[in-house]
Structure formats: C-alpha cells, structure tokens
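>>> Return atomic coordinates for the entry below.
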Amino acid sequence: AIKAQGDILVLDEVLAVGDEAFQRKCDDFFSKIKKDKTKTVILVTHSMSSVRRYCNKAIMINQGEVASLGSIDEVVEAYTQLNLEKLGKKEPETQEVLGLNDELTKLKINAISKKVVSNKENFEFEVEYNYIGKKKIFLAVAMFDQTRGGIVYDSSQVYVDRGDQKVRFSIPMELFNSSEFKLTASIRDANKKLSGNENLIGFTNDENSLIFKLSNKKEISDYALLNSEVFKVERIK
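Numbers count the residues shown, from 1 in each chain. Model prediction:
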C-alpha cells in the first residue's frame, strides 16, 4: 500500500497489525502523504489516536449508518462515548451480585470527571461502599491498561471507615499516552495477612468497576503507555 500510486487510497485497519518497525514505516508514510494536497487517503480504523494524528476530517459509521460527521474532536468524542456506553450497559440482575455479600452490600466506582480526559487533566473518581460488618477494613484500588494490558497502579492499603461511605481519589494523567483504563476496587480485612486473597471481603465486578478513556490531541507516538515527552530516558555515555 505504501508503494501504491493513485489519487485515492483506502487503507483498512493497516495500523492494527505489524511490529514496531512496520508501525514506524506507516507513520512516516502517513506523515508525508498528509502534506500532499493531491492525494486523498481514507483510513478505516478504531484507533482514535491515529485519527487525531493523521486525519483532518472524520466520520463514524455505526451499524451501517452515519452516526457522527464533523471535526476530529467531535467524532473522536462521539466514538469514545458510544463505546463507554456499550461497556457500561448493565447485565440482567440476579439474586446474588458477584463480589458482594451479607457484610459488604455495596461496592462500586463512580466517575467524578468526564469519562474522556486528556493528560493535561487529573481523573477524579469515588469508591462508594456499604460495609455493615465489624472488622477493621482497608480499601485497595487498581488501574489496568485495557489497550496494552497490565496493571498500571495499585494503591495498596487505604484504611477506611465502616458503614455507608464514599472515598474520593484523583489520578494525575500527565505521564500517559492515549489509552483506555479500567479501575477496580476491593475491601479487605485489615487484621489478616496480605498474601493471596485470604483477607478479601468483596470486590467490584465488571458492572461496578469503571472504564475511562485518555485521549490526547497531540502525541509523538502512543506505542508505549508512558508519554516520551514527560518520561524521558537520557543517554549518559
């Protein structure tokens, strides 16, 4: 495709495959062709960071119909909100809720910030729970990178009160490239050892966890999680 000649070029998910070397070739190609006003490139992709970097117009098609047409920012936000809504749809309720029990009757994570932020902002959220037992407890929060995989952060022990409570947190996002993150929480017995899940009282299931999106307007590359403009590895010899 890179060697192809023509006024109109259609590329379907070409950025979703290949190793880093291939990705860099694609990046060079798109950066050059974007400056050529005689060429029209139609890029079909689910990568919003690619849309921001390479495109000057965008259109979102959902179930065969045009769902959004306009500026890059408008379409990216519409796409992100649509996917967050799909992820947030509740499953049919059952008598028992996974992660809860007679002692822990409620545990969920609520977004305080918008669910789409940039690395110029902090992401704020709260953990809401109701613990009616008598144990001394602590809260643990973990953040997962849904795009690349892996645990980004674990809060360890945050000692909290019993009862119906809300605990608020703020995450600085400046270190990260664009990605989708998932926040989970668990309530644990503070008097039991930490190894394994022996001290686990309850946890957030998929419905009660929180997924949010980091969408940066300008990035050198989003290949890695850490933003190379903020987190720099310096040559010393």
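>>> sec struct for residue 80, please.
Following DSSP: H, G, I helix; E, B strand; the rest coil, residue 80 is assigned to helix.
>>> right, and it touches residue 114 too?
No: assessed by C-beta atoms under 8 Å, residue 80 is found out of contact with residue 114, at 10.0 Å. (Each C-beta comes from the backbone N, C-alpha and C, glycine too.)
>>> residues near residue 70, how many?
Counted with other C-beta atoms under 10 Å, residues neighbouring residue 70 total 12.
>>> The residue positioned nearest the centre of the chain pairs with what?
When C-alpha atoms, centre = their mean is applied to the chain, the residue found nearest the centroid is residue 180 (1.4 Å). As for beta bridges, residue 180 partners with residue 213 under DSSP bridges.
>>> returning to that earlier point: look at residue 80 and residue 114 and report which has more neighbours.
Ranked by neighbour count (other C-beta under 10 Å), residue 80 and residue 114 place residue 80 first, with 18 against 14.
>>> Just the pLDDT at the more buried one, thanks.
With respect to pLDDT, residue 80 has a value of 81.
>>> Domain boundaries for the protein, per the record?
8-87, 104-214 (automatic domain parsing).
>>> isn't the residue nearest to the centre of the chain right up against residue 147?
Yes: in this structure residue 180 lies within contact range of residue 147 using C-beta under 8 Å: 5.3 Å.
>>> how about the strands in this protein?
8-12, 40-44, 58-62, 65-70, 104-111, 116-117, 122-131, 137-145, 151-154, 158-160, 163-172, 179-189, 200-203, 210-214 (DSSP state E).
>>> between those, which one is nearest to residue 30?
strand 40-44 (7.5 Å; C-beta to C-beta).
>>> which residues of the chain score low on pLDDT?
1-6, 12-24, 86-95, 194-196 (pLDDT under 70).
>>> so who does the residue nearest to residue 40 when sequence neighbours are not counted touch?
Excluding its sequence neighbours, the residue lying closest to residue 40 (C-beta to C-beta, 6 or more residues apart in numbering) is residue 8, at 4.7 Å. Residues near residue 8 by C-beta atoms under 8 Å, 6 or more residues apart in numbering: 39-42.
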